[in-house]
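In: Return a 3D structure for these sequence lines:
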Amino acid sequence: MKPPTQPTSVSSLLDAYASGQRSFSGISLTNATLTGANLKGADFSYADFSGTDLSQANLRGADLSYAVLQQTNLSQANLRGAMLIGTDLQHAILSGTDLTDADYDRESTRLPDQFDPEAARLKSDRP
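Out: Residues are numbered from 1 along each chain as shown. You can find the predicted model right below:
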């Protein structure tokens, strides 16, 4: 069986998600607008969302491992329980973002300067 083609636009991503697809590993949607999108539980590992507006999006339980989210607007987004291992969040906007119980790695996850992962209730297996 042929694997599904990766979406190349916001509308094709939302259509694929609505039809039940959850695997979007490696997708590249830079400088896109996904404000308020429901993408709960999707696999966005190795994705590139640089400069994308994901404010108020539901990414609860999403796999964002090794994704690039530089300068991404995640304000008021739900990332509760998301996988953030190796994720690049430098210069991301995280005001009001729910990161409760999101998994991150103290060594490989790149967080914004002055960001406090403990105050945001992220969890890491490493001390």
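
In: Give me the pLDDT value at M1.
Out: pLDDT recorded at M1 is 53.

In: go on, D116?
Out: 93.

In: again, but for Q6
Out: At Q6, the model reports a pLDDT of 82.

In: For it, give its distance to L13.
Out: 9 Å (C-beta to C-beta, to the nearest Å). The C-beta positions use only the backbone N, C-alpha and C, and glycine is treated the same way.

In: Which residues are in contact with each of those two?
Out: 24, 27 (C-beta atoms under 8 Å, 6 or more residues apart in numbering).

In: Just want to know which of the two has more residues nearby.
Out: L13 (22 against 17; other C-beta atoms under 10 Å).

In: correct me, but that one touches S28?
Out: No: contact criterion C-beta atoms under 8 Å: L13 and S28 do not qualify, at 10.8 Å.

In: The protein: helices as residue ranges?
Out: Remark: helices assigned in the chain by DSSP state H are 10-18.

In: pLDDT weak spots in it?
Out: Low-confidence segments of the chain, defined by pLDDT under 70: 1-4, 126-127.

In: Excluding chain neighbours, give the residue nearest to R22 in space.
Out: In this structure, R22 finds its nearest non-sequential neighbour in A42, 5.0 Å apart by C-beta to C-beta, 6 or more residues apart in numbering.

In: can you tell me how far Y66 sits from D125?
Out: 17 Å.

In: Name the residue in those two with the higher neighbour count.
Out: Neighbours per residue (other C-beta under 10 Å) separate Y66 from D125, with Y66 holding more: 19 against 9.
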